[in-house]
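K.L.:
could you work out the structure for the sequence below:
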Amino acid sequence: MQDAARYVSCHPRTITRRFGDGTLSRYRLGRKVIVDLDELDAALCATSFRMPLEAGR
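P.N.:
Numbers count the residues shown, from 1 in each chain. Got it, this is the predicted structure:
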């Protein structure tokens, strides 16, 4: 979740809230929580929030 939050430049609690409201799905692999980056990108496109463009992207 920390990596997902860093990817979209938000706080990890924001990712947790998106799990709670059904905007994002989480997948468990042992102790790890996996977030599908394609789903994360789609959720960003569906909201008014826009992440800043990174250099080289």
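K.L.:
so who does H11 touch?
P.N.:
By C-beta atoms under 8 Å, 6 or more residues apart in numbering, the contact list for H11 reads A5. No exception for glycine: its C-beta is placed from N, CA and C like everyone else's.
K.L.:
next one: it, what pLDDT does it get?
P.N.:
Note on H11: pLDDT of 90.
K.L.:
all the helices of the protein, residue numbers only.
P.N.:
Secondary structure of the chain (DSSP state H): helices at 2-7, 12-21, 37-46.
K.L.:
mind checking those helices for the one nearest to G30?
P.N.:
Evaluated over the helices of the chain, closeness to G30 peaks at helix 2-7, with 15.9 Å, by C-beta to C-beta.
K.L.:
what's in contact with the closest one?
P.N.:
Helix 2-7 has contacts (C-beta under 8 Å, 6+ apart) with 11-12, 14-15, 35, 37, 40, 51.
K.L.:
farthest-apart pair in the residues you listed, please.
P.N.:
Put simply, by C-beta to C-beta the two of the contacts of helix 2-7 set farthest apart are H11 and L37, 18.1 Å from each other.
K.L.:
ok, the contacts of helix 2-7 vs S25, which is closest?
P.N.:
Comparing the contacts of helix 2-7 against S25 with C-beta to C-beta places V35 closest, at 7.9 Å.
K.L.:
quick check on S25: phi, psi?
P.N.:
phi -100, psi 150 (degrees, to the nearest 10).
K.L.:
wait, isn't it in contact with D36?
P.N.:
Yes - the pair S25 / D36 is scored as a contact, 7.0 Å apart, by C-beta atoms under 8 Å.
K.L.:
any low-confidence regions in the protein?
P.N.:
Applying pLDDT under 70 to the chain picks out residues 47-57.
K.L.:
try it again with 50
P.N.:
Applying pLDDT under 50 to the chain picks out residues 55-57.
K.L.:
number of residues surrounding V35?
P.N.:
21 (other C-beta atoms under 10 Å).
K.L.:
got the contact list for it?
P.N.:
So V35 contacts 1, 4, 15, 24-27 (C-beta under 8 Å, 6+ apart).
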